[in-house]
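Enquirer: what shape does this take:
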Amino acid sequence: MVQRRSRVMVAGAVLLGVVALGGCATKKYVREQAAVVGARVDTVSSRVDSTDTHVAAVEGTAKDALDRATAAGKLAEGKFLYSEVLTDDSMKFGVNKAELSPEAQARLDAFVEKLKADNRNVYVEVQGHTDASGAKDYNYKLGEERAEAVRRYLNQHGVALNRIGTISYGPDAPVAPNKDKAGRQANRRVVLIVLA
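Expert: Below is the predicted model:
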């Protein structure tokens with residue numbers, strides 16, 4: 001804004017100088033020069049307005065990011081109660097699969113009953129994990145699909161959606177080496193974290 005004023009003042013001074021020095025100049029010449037200067041001022045004003053709009057948009061994006069970070073921080077302050085690692089054969093996922101087996105559903109039913117028996121307002125973070133086979137982007141998506149499958153199942157059995165969050169760690173948090181079939185199978189899992 002200050003730059004805009006100073007540019008307008010400079011343009012005005014130039015215009016005044018042209019008029020003052022143009023005592024011998026014709027009115028037509030002065031008008032032509034004033035029009036050129038006026039066009040330049042308009043161009044600069046337009047650029048300043050465009051920059052102001054861009055700065056406002058960036059400020060809005062930064063504020064949104066700060067709000068999300070603050071909300072995440074408040075959530076992180078939640079008291080950790082316990083975690084349920086669903087890693088036995090009933091919860092391991094097949095290669096490139098996100099479907100819940102009947103055994104996995106039975107384990108989740110027991111988890112839901114435990115939540116209901118505790119009768120507390122808790123928040124459940126559902127973490128999806130994969131083995132290291134394939135592309136990382138694909139594994140993050142697959143981990144999210146696994147976590148979402150569990151989230152949907154928990155919601156269908158009485159856990160409110162606003163109390164469940166999902167996150168995909170993809171291949172980034174293995175519990176076993178990815179060198180053999182058993183290790184990769186152990187890494188295809190879901191972890192449930194319960195916070196107060």
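Enquirer: outline the domain layout of this protein.
Expert: Domain segmentation of the chain under automatic domain parsing yields 2-75, 79-195.
Enquirer: how distant is the last one from the center of its chain?
Expert: With Cα atoms, centre = their mean, to the nearest Å as the basis, the distance from the averaged C-alpha position of domain 79-195 to the chain average is 21 Å.
Enquirer: which residues touch stretch 170-181?
Expert: 87, 127-133, 136, 139-140, 142-143, 182-184, 186-187, 189 (Cβ atoms under 8 Å, 6 or more residues apart in numbering). (C-beta placed from N, C-alpha, C; glycine too.)
Enquirer: now the one helix or strand residue 51 maps to: mean pLDDT?
Expert: Remark: residue 51 resides in helix 27-76, with elements defined by DSSP states H and E. For helix 27-76, mean pLDDT is 74.
Enquirer: that older thread, in ChimeraX, select just the buried ones from the contacts of stretch 170-181.
Expert: Of the contacts of stretch 170-181, the buried ones go into a single ChimeraX selection, burial set by 16 or more other Cβ atoms under 10 Å:
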select :87,127,128,129,130,131,132,139,140,142,143,184,186,187,189
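Enquirer: from the contacts of stretch 170-181, which land in strands?
Expert: The strands, defined by DSSP state E, take in 127, 128, 129 from these.
Enquirer: distance check, the first one against residue 67.
Expert: In this view, residue 127 and residue 67 are 24 Å apart by Cβ to Cβ, to the nearest Å.
Enquirer: now swap in the last one and tell me
Expert: Separation of residue 129 from residue 67 (Cβ to Cβ) stands at 29 Å.
Enquirer: and for residue 138?
Expert: For residue 138, the distance to residue 67 equals 31 Å [Cβ to Cβ].
Enquirer: and those two? which has more neighbours close in?
Expert: Comparing residue 138 with residue 67 by other Cβ atoms under 10 Å, the one with more neighbours is residue 138, at 14 against 10.
Enquirer: one step back: show me the contacts of stretch 170-181 that map onto helices.
Expert: Among these, the members found in helices (DSSP state H) are 136, 139, 140, 142, 143, 182, 183, 184, 186, 187.
Enquirer: biggest separation within those residues, which pair?
Expert: Using Cβ to Cβ, the two most remote members of the ones in helices among the contacts of stretch 170-181 are 140 and 182, lying 23.2 Å apart.
Enquirer: quick one: low-confidence parts of this protein?
Expert: 1-25, 62, 65, 68-78, 80, 85-93 (pLDDT under 70).
Enquirer: enumerate the positions of the helix or strand encompassing residue 106 that are buried.
Expert: Using DSSP H and E, residue 106 sits in helix 102-118. With burial defined by 16+ other Cβ under 10 Å, the residues of helix 102-118 counted as buried are 104, 107, 108, 111, 112, 115.
Enquirer: hang on, residue 124 in a helix?
Expert: No. Counting by DSSP: H, G, I helix; E, B strand; the rest coil, residue 124 is located in no helix; its state is strand.
Enquirer: quick check: it touching residue 153?
Expert: No. Residue 124 is beyond contact range of residue 153, at 11.7 Å (criterion: Cβ atoms under 8 Å).
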